[in-house]
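# Mind looking at a prediction? Sequence and model below.
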Amino acid sequence: GQQLNQSPQSMFIQEGEDVSMNCTSSSIFNTWLWYKQDPGEGPVLLIALYKAGELTSNGRLTAQFGITRKDSFLNISASIPSDVGIYFCAGQLRTGTASKLTFGTGTRLQVTL
Amino acid sequence: DSGVTQTPKHLITATGQRVTLRCSPRSGDLSVYWYQQSLDQGLQFLIQYYNGEERAKGNILERFSAQQFPDLHSELNLSSLELGDSALYFCASSSPGGQGENYGYTFGSGTRLTVV
């Protein structure tokens, strides 16, 4: 099935460092979303972006919806140990009540003290 | 607790068998989505139901089927199971929204299916 191109695939960083990851697609999306998944759990929504060019923050997280509507990035500032997990971007296409969310390949984040 | 309930949490079954996974959406949500996540893989969209009717379809195998009942809970049926069907199966729900509303899906904790 289709997956969005997400990079980097994995990151090892020290506590306090900033993190940046991005996602690209060959298709246009209505909405870009960023999720975090902990082991054995379902993905949890972090940030949702609704308009091309939109820049949105949620605490230490900042994400942007690319102008072309084909890409997005997520930044995490001053990382802490609980940021460990897998981060997924997702692009949403909606037509009326029909909706399809396509996920990226994931970025595995490891934080060392 | 996300509000989306999936049962069972774990399921072990033999090849060739049939299983049913159940999902109760978050209160007020009309849409239910099913996703498959294989080991170390991203999430693959299977199917969406909205208020009892199929609305969108992904790469769902013919051996798999789903339905949404009048009380809005949903079931995913997997038949003639193969080893490769072993995966985490997630259900998510969302509510219809207008401009500016959060369209993000809320996911359940998943059902881990192991086919032996």
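Okay, I see it.
# what about the strands in chain A?
A:5-7, A:10-14, A:19-24, A:31-37, A:44-49, A:55-58, A:61-65, A:71-76, A:85-95, A:98-103, A:107-112 (DSSP state E).
# any chance you could read off phi and psi for the closest residue to chain A within chain B?
Closest contact between chain B and chain A, by C-beta to the nearest C-beta, is at B:Phe107 (3.3 Å). For glycine as for every other residue, the C-beta is placed from the backbone atoms N, C-alpha and C. Backbone geometry at B:Phe107, expressed as degrees, to the nearest 10, gives phi -100, psi 150.
# returning to that earlier point: can I get the strands of chain A in CSV with mean pLDDT, mean neighbour count and distance to chain B?
Compiled in CSV, the strands of chain A are given as follows (pLDDT from 0 to 100; neighbours: other C-beta atoms under 10 Å in any protein chain shown; distance: least, C-beta to the nearest C-beta, whole Å):
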stretch, mean pLDDT, mean neighbour count, distance to chain B
strand A:5-7, 95, 17, 8
strand A:10-14, 94, 12, 11
strand A:19-24, 96, 20, 11
strand A:31-37, 94, 25, 5
strand A:44-49, 93, 20, 4
strand A:55-58, 94, 12, 12
strand A:61-65, 96, 21, 12
strand A:71-76, 97, 21, 14
strand A:85-95, 91, 21, 6
strand A:98-103, 88, 22, 4
strand A:107-112, 92, 17, 9
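# To B:Ser79, which of those lies closest?
B:Ser79 sits nearest to strand A:98-103 of all the strands of chain A, at 24.0 Å, using C-beta to C-beta.
# Quick check: residues of chain B near chain A?
Contacts of chain B with chain A, taken as C-beta under 8 Å from any C-beta of the partner chain, map to B:2, B:4, B:30-31, B:33, B:42-45, B:48, B:50-51, B:55-56, B:58-59, B:90, B:92, B:94, B:96, B:100, B:102-110.
# If any of these are buried, put those into a PyMOL selection.
With 16 or more other C-beta atoms under 10 Å in any protein chain shown as the criterion, this PyMOL line picks the buried residues out of the residues of chain B next to chain A:
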select buried, chain B and resi 2+4+30+31+33+42+43+44+45+48+50+55+56+58+90+92+94+103+104+105+106+107+108+109+110
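# Give me the subset of the residues of chain B next to chain A that lies in strands.
Short answer: the residues of chain B next to chain A in strands (DSSP E) are B:31, B:33, B:43-45, B:48, B:50, B:55-56, B:90, B:92, B:94, B:106-107.
# Kindly state the beta-bridge partners for the spatially most central residue of chain B.
With distances taken as C-alpha atoms, centre = their mean, B:Trp34 lies nearest the centre of chain B, 2.8 Å away. Per DSSP bridges, the residues bridged to B:Trp34 are B:Ile47, B:Cys91.
# if I pick it, what's in contact with it?
B:23, B:45-48, B:60, B:66, B:74, B:76, B:89-91 (C-beta atoms under 8 Å, 6 or more residues apart in numbering or on different chains).
# so how far is B:Ser109 from A:Val19?
Noted for A:Val19: a distance of 26 Å to B:Ser109, by C-beta to C-beta, to the nearest Å.
# Likewise for B:Val4?
On the measure of C-beta to C-beta, B:Val4 and B:Ser109 end up 8 Å apart.
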